[in-house]
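> I would like the atomic coordinates for the input below:
(2 chains)
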Amino acid sequence: MISSPIPARWSAALAREGWKRRALPIAVTASGFLALVLLILLSVASSNTAFFDNNFIWLYSANVVVGLCLLTIILVLGAVIAVRWKERRFGARLVAKLAMIFALVGVVPGLILYGVSWQFVSRSIETWFDVKVETALGAALELGRTTLDASLQELQDDGSNIAEQLTRLPNNASAAELTLILSRLRAQTNTQELAIFNTRQQLIAIAISGSNIQEAPPPSASLLAQANKLKGTGTIDERIEGDGSQSYFLRAVVPISQGRVTSAAGNFGISPQGLREARYLQLVKQVPPSVTKNTLAIQTAYSDYQEKALGRTGLRKMYIGTLTLTLFFALFVAVSLALLLGGELAKPLLMLLRGTEAVAQGDLSPKPELDTGDELGMLTRQFNMMTKQIADARTAQEESKSFLQSILDSLTAGVCIFDQQYRLVSSNPGADRIFGTELAPMRGQQINAFPLLGEFDAAIREGFATLHMAISGEASQANHKKPSATIWQKQIQLHAINEYENEVGVTLFVRGTELSHELRLIVFDDITDVVTAQRSIAWGEVARRLAHEIKNPLTPIQLSAERLQQKLTGAVTPELEEMMKRNTATIIGQVQAMKQMVNEFRDFAKTPLPQLRPVSLNALIQEILGLYEGSPMEVQLDPKCPDILGDPTQLRQVIHNLLQNAQDATLEGKDHTALVEVRTSVVPYGIGAHPQQNAVRLTISDSGCGFPAKILARAFEPYVTTKSKGTGLGLAVVKKIIDDHGAKIEIQNRLQGEILIGAKVAIVFMNLAKEPA
Amino acid sequence: MTRRLNNWILYLILGLGLGLSPLIYAEGIKVKAAEIERVDTDWLLNAVFNIELSPGLEDALQKGLVLTFQTEFELTRGRWYWFDERPSQVTRQTRVSYQPLTKQYRISTEGFSFSVATMREALQAAGTIGGWRVIERANIDLGKTYIAALRMTLDLSKLPKPFQVNALNNRDWNVLSDWLRFPFSPSFQNVIAQ
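Numbers count the residues shown, from 1 in each chain, chains lettered A, B, ... in the order given. The predicted model follows:
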């Protein structure tokens, strides 16, 4: 029994072949049943009942036909197996083998029995019939016959004697006289009946031993003629009594001669009267019952023997026919059982085979199980368990793989795997992000074919080359187990060209190692930001030292120039004085400018940590805007903006710087009259399921020339500027302050369609003051 | 095995011979005369069949086998709308047996039996049917014409089983007359066929 639901495609296949599978067993069972019934009838038919006596011939014919049918079915079944074998149908070989084994088991003993029985029947029937027995029976019958004949002869002789006595009687003796004489003679001869008939078979006189004995019929004309001719004749009459018992009666007929004269006269035809007067004596005597019984027994035995001897061919045919039919039936049962059992036995094996095929094709769904409780059923269950374990293992593997994949995908670092020829095997989205291009299409190719990655390729080749060099150097001394742990690392600069045909300087930190002999793992990170930060720190240090070193001589220079101006005013010729004043003014002006520059450097380097306290950004902006009353701006301040945590002094510097920049940019732009936009707003942000938080965004937009792409990437680095004047420290300072506040700053070009219409700086403050409770 | 093969060959030859036998021998049963006679209200059948047995059958009879001859008579009237009407269908059986002790043949019919000395007489007696009541007045319609049919067969089912098996594939044993059919009209006093 199939306990688990069959997969849909299997059940469809079953339904398709359903009628085929059902039709054959039904036909086989039906014919088998019919054959069994007929066979039983035939074997029972040897008992002698009226029904079988009357219908035996039909039964026998039906059995012959059924035997032929069974033989046909056996042949058809064999042919079916052979065809399936040739077609190499799934499972046909197994079923055929099992069927053959079963059939052999059933058929061979059957054949042996059949052969022995055949011999036995043929021989034993022959042994029943023996010449000696036949002769003996014939002799016995002859003996009986002789006995009867002897008795009859005796009776005939008695009759002749009586007839002799009767001839002495006068011709005209009356019937009564005759009867009297006959009675006396009957008693003498010990016969049942004495009667006198005339030629017309008419009874003249009779004497019977008892009153209850049936009168014998008058002698027939032929009998009389015979008696006349042979001077006496006799027959044996057979009487069947009411109860079926037989008895024999001897009957002798003797002519009574009427004297020579009369007889001579009759012979010569002179006296027809005399002929008419011819009389016959009939004697009837019952054969003694013991003799009758014995002779009848002999006769029955003789007849039976003769009948059987005559019918022995048929008898043998009958037995052998029954035997053959039994053999066919046994064969049929063996073959059909073999097919059925073979099929049953093969079923679980076939199921397992199908299951393994399915598993081989990757289908790990549960397979049907056999609920038989034997080893085969156990096998199917174990198989299913195994499949389930494989499926579980695969799921676990896939889960861990997908887990690893998700880690790789979310990694900011790029991970690439190359083979020995530096063909790309695998990469993660981090790598795509760093290179700004999809690496997946390059799989299986060498990446130096792509211009963007040529430098990278050269770098990793070099890296692995150095690694191998190192390993081969150590190989002679160190053990061989360690090299796999060795890695190389290096920092490389890529000078890729972006869409604006400007260089995008990307700095990568690359580590490489060999996973195996074939695979090489590269992990790299974009450290451009780190490098930038390091650079600004370095700049700060340089600026601080330069400021210190430069500022010290500036005051004496300025004082000396002022003193020169003071002392020489009016002491030299007006021409000289004029020149001196101009030069000292230049010196003082330039020193002043230098001081300011030095101060800026110092400020950049020594920007103190912000003193954070709640500040209203809107109020701060309003306050600063007071200084710019001469140049109106478009201001949109969101009154809902909450207070932020910040250092007002530093924030003031930031806003001031940005507004100054925006104003300068607008003046340099095409539309001098355009207004600078200042805007604050509340923006929500949140990550995943965390409660949504608010942030304050400040946006300052100008209508200047915008930034070239190259500048845009490094706008916040010191000494990067678009202005004709300026130290290029403004935005660097702004960036530093904003970073210290934990806020984010972003610079974008403003685009109207394809046309650059200015730049926009956005700052998002996420560090809000706590709401008063 | 060779004996069996020989038997088969013998059967084959016998079969071929038997196929031709009706042309050569006058074996079988033939109707010599048949007559339906009206007695009082019913009708009686008198018929004479000529029975000729094959040597094999004669031998079997002489060895004590009881032969049963069955005479069948039926009266039918065709009906276009249904199966034939069958007002009368009767059979009667005559047994002929040989008594080796007395060397007599015994013929028994319907409880009556007698013996004759020779086979010829016995078969003649078996083939003679006299005063067999076959049609009753109550069963037929006087105004209609019927078809009477008569035949005699050797009843194989009364033989011992081995002989039945033998008879299956031996035409020697299939002794029977053709159906004799003749019209029967109740209005005539006597109907004589052949």
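> contacts, neighbours, all on C-alpha from now
Fine.
> identify the residues contacting A:Gly373.
A:Gly373 makes no contacts at all, as judged by CA atoms under 8 Å, 6 or more residues apart in numbering or on different chains.
> where does it sit: helix, strand or coil?
State at A:Gly373, reduced to three classes by DSSP: H, G, I helix; E, B strand; the rest coil: coil.
> what do you get for A:Lys770?
Per three-state DSSP, A:Lys770 ends up coil.
> check A:Lys347 too.
helix.
> now the one 4 residues further on
Using three-state DSSP, the three-state assignment for A:Met351 comes out as helix.
> for B:Pro186, same thing?
coil.
> give me the residue from chain B nearest chain A.
B:Pro162 (4.2 Å; CA to the nearest CA).
> got the contact list for that residue?
So B:Pro162 contacts A:Gly311, A:Arg312, A:Thr313, A:Gly314, A:Leu315, A:Arg316, A:Lys317, A:Met318 (CA under 8 Å, 6+ apart).
> filtering those by proximity to chain B, which remain?
Intersecting these with the contacts of chain B gives A:Gly311, A:Arg312, A:Thr313, A:Gly314, A:Leu315, A:Arg316, A:Lys317, A:Met318 (criterion: CA under 8 Å from any CA of the partner chain).
> extract the C-alpha trace of stretch B:183-193 and format it as CSV.
The C-alpha atoms that make up stretch B:183-193 are tabulated as CSV, following Å, rounded to 0.1, in the frame of the first residue of the first chain:
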residue,chain,number,x,y,z
PRO,B,183,-46.0,-31.7,-42.9
PHE,B,184,-48.6,-32.8,-40.5
SER,B,185,-52.2,-31.7,-40.7
PRO,B,186,-54.5,-33.0,-38.0
SER,B,187,-57.5,-33.1,-40.4
PHE,B,188,-56.1,-36.1,-42.2
GLN,B,189,-56.6,-39.5,-40.7
ASN,B,190,-53.1,-40.9,-41.5
VAL,B,191,-50.0,-39.0,-42.5
ILE,B,192,-47.5,-41.1,-44.3
ALA,B,193,-44.0,-40.0,-45.1
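> pull out the buried positions in that stretch.
B:Pro183, B:Phe184, B:Ser185, B:Pro186, B:Asn190, B:Val191, B:Ile192, B:Ala193 (16 or more other CA atoms under 10 Å in any protein chain shown).
> helices - which of the contacts of B:Pro162 land there?
Among the contacts of B:Pro162, DSSP state H puts A:Arg312, A:Thr313, A:Gly314, A:Leu315, A:Arg316, A:Lys317, A:Met318 in helices.
> counting neighbours, which of these comes out on top?
Each of the ones in helices among the contacts of B:Pro162 was scored for neighbours by other CA atoms under 10 Å in any protein chain shown, and A:Leu315 scores highest at 23 neighbours.
> how about the nearest residue to that residue, chain neighbours excluded?
B:Pro162 (4.5 Å; CA to CA, 6 or more residues apart in numbering or on different chains).
> what do you get for A:Val506?
Counting by CA to CA, 6+ apart, the residue nearest A:Val506 is A:Leu494, at 5.2 Å.
> and if you look at B:Asp172?
B:Ser54 (6.6 Å).
> so how far is B:Leu65 from that neighbour?
14 Å (CA to CA, to the nearest Å).
> of the two, who's got more company?
B:Leu65 (24 against 16).
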